[in-house]
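Show me the folded form of this:
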Amino acid sequence: MVSDIVIIGGGASGIMAAIAASKKGALVTLIEKEERLGRKVYITGKGRCNLTNACDTADYFENVLKNPRFLYSSVYGFCADDMMKMLEENGCPVKMERGGRVFPVSDRSQDVLSCLERILNKNKVKILKKTKVSGILRRALDDDTFKYKAEGVFLENGEKISSDAVIVCTGGVSYAATGSDGNFFGQLSGLGHSIIPLHPGLVPFVIKEEYPARMQGLSLKNVSVSLKCGKKKFKAGPGEMIFTHFGLSGPLILSLSSDYSRNFGGVSSQLDTDNSIKKNYYDSLKKDNDFGHHESAYVKGEEAILCIDLKPAVSAGELEERLYREIDGNKNKSFSNILSPFLPGQLREVFPDMVNIAGDKKANSITKEERKKITEYMKALPFTVCGTRDFNEAIITLGGINVKEVDPGSMGSKIVKGLFLAGELLDIDAYTGGFNLQAAWSTGYAAGSAAAQI
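Got it, this is the predicted structure:
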């Protein structure tokens, strides 16, 4: 078999690379080891597919946490408007929701994937599903610039596919069940690429105290959070979060978790020495187990203090004044009962224990010092973060191929001639809201466009 371009990985970046290359007339073979394309795209946005974010392109980079400058060329080359236009013109209308999040009108991720597969078929892209690539065909070069020339791929069944260029879009290691198991990091490392250490990103926190378990399922809205470890401090909000049996989750927490993982996170026990997910690892994690505080089920990091501002729109002075009025008007009520105007649901039951004031204590017995402590905790409710959930619950992977070794305009490797890299396997990551998926579309489009011109 001969193909101008071989693309390894049929996720978001691989699909877009195939579309871009085929539009320029290249003969493209797209190889996916799973039985269908875009399995991770399928589960984004809780199955609704938050496919991009409609913010101004200039504002996009404010939402990229790692290496935003690297993305300038690719995002301006294929931005959110281009993505939305492509879908609309090919029978998949889209809509915009809060925060600029973009979804298909149908709220069905399958409609996005079906649309993209129609484009692939229209452009005569050859798609090989349930096909595994075992390595990259390469030729050593006596060249000061490149070590090797990529000339195709080896398949696991022993077959070879020759090509002028190879684009690797194999993803990171988050949600490995979708096919992103990191199996190609070892290959790329063997070719000379360096791997920035991998950590779970956009992932729930594991909390040391048992208080979250007592409030499991309680959602907080319009709160702010801060995270401090040593001299470093990060903030997020206002937004939403939720208490779980193991700690904290929700959009606000996920946004903050990437800063924690990158700065204070430990090494995942799910990873092998070649940065791939250990074989049969998930078989040992039974679905009915509670993994909350078991070291093999979460990534243990440095301890950090996370504080929740339950009333970010109200100053501490105003809050204490409100509390005083509530106490003064309900002197014979218990402490727990006067918390109703301030705290929701289970938090009213747990809060007395957190501030070490008996819940049945009469309001008129609350001292000035206790009132001050109540106010302080409402403005900064403290929890100890001891780690995060692991890659099987992370939305993205932090780390990956060092972008200094990749040309930002073409996504071409600076080490292997004819090799291009795109998507989540690169050391780039962003907040939730469609920004990460747009990075995949943009880098994939850049890689496909450039590879077609070799």
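
now stretch 209-218: mean pLDDT?
The pLDDT scores in stretch 209-218 average 93.

can you check stretch 82-96 too?
Regarding stretch 82-96, the rounded mean pLDDT is 97.

What are the buried residues along it?
Buried residues in stretch 82-96, counted by 16 or more other C-beta atoms under 10 Å: 82-84, 86-87, 92, 94. Every residue, glycine included, has its C-beta placed from N, CA and C.

centre of the chain versus that stretch, how much separation?
Relative to the centre of its chain, stretch 82-96 is centred 23 Å away, using C-alpha atoms, centre = their mean, to the nearest Å.

ditto for stretch 162-174
Per C-alpha atoms, centre = their mean, the displacement of stretch 162-174 from the mean C-alpha position of its chain is 20 Å.

I'd like the buried residues of stretch 82-96 laid out as JSON lines, including secondary structure and distance to G171.
Conversion of the buried residues of stretch 82-96 to JSON lines gives the following (DSSP: H, G, I helix; E, B strand; the rest coil; distance: C-beta to C-beta, whole Å):
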{"residue": "D82", "secondary structure": "helix", "distance to G171": "22"}
{"residue": "M83", "secondary structure": "helix", "distance to G171": "19"}
{"residue": "M84", "secondary structure": "helix", "distance to G171": "23"}
{"residue": "M86", "secondary structure": "helix", "distance to G171": "21"}
{"residue": "L87", "secondary structure": "helix", "distance to G171": "21"}
{"residue": "C92", "secondary structure": "coil", "distance to G171": "23"}
{"residue": "V94", "secondary structure": "strand", "distance to G171": "24"}
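
List the buried residues in the helix or strand harbouring L227.
Take DSSP states H and E as the rule and L227 turns out to sit in strand 219-229. Across strand 219-229, burial judged by 16+ other C-beta under 10 Å covers 220, 223-227, 229.

which residues sit against it?
Applying C-beta atoms under 8 Å, 6 or more residues apart in numbering, the external contacts of strand 219-229 come out as 233-243, 250, 252-253, 256, 259-260, 263-264, 302-310, 312-313, 344, 347, 380, 385.

which ones among these are found in strands?
Taking DSSP state E, the ones among the contacts of strand 219-229 that sit in strands are 233-243, 302-309, 385.

Could you find which two of the buried residues of strand 219-229 are furthest from each other?
Spanning the widest gap among the buried residues of strand 219-229 are L220 and C229, at 22.3 Å by C-beta to C-beta.

residue contacts, the spatially most central residue of the chain?
In the chain, the C-alpha nearest the mean C-alpha coordinate belongs to I396, at 2.9 Å (C-alpha atoms, centre = their mean). With contact set as C-beta under 8 Å, 6+ apart, I396 has these partners: 172, 174, 201-202, 258, 424, 429, 436.

Next one, pLDDT for it please.
Per the predicted model, pLDDT is 93 at I396.

what's the closest non-adjacent residue to it?
Among residues not flanking I396 along the chain, G201 sits closest, at 4.3 Å (C-beta to C-beta, 6 or more residues apart in numbering).

pLDDT value on the one you found, please?
On the pLDDT scale, G201 is placed at 93.

Contacts only, for it.
Taking C-beta under 8 Å, 6+ apart, one finds 174, 257-258, 261-262, 394-398, 429 in contact with G201.

Apply 10 Å and report the result again.
Counting by C-beta atoms under 10 Å, 6 or more residues apart in numbering, G201 touches 65-66, 172, 174, 254, 257-262, 265, 388, 391, 394-399, 424, 429-432, 436.

How about Y60?
With C-beta under 10 Å, 6+ apart, Y60 has these contacts: 52-54, 68, 71-72, 75-76, 79-80, 100, 430, 434-435, 438-439, 442.
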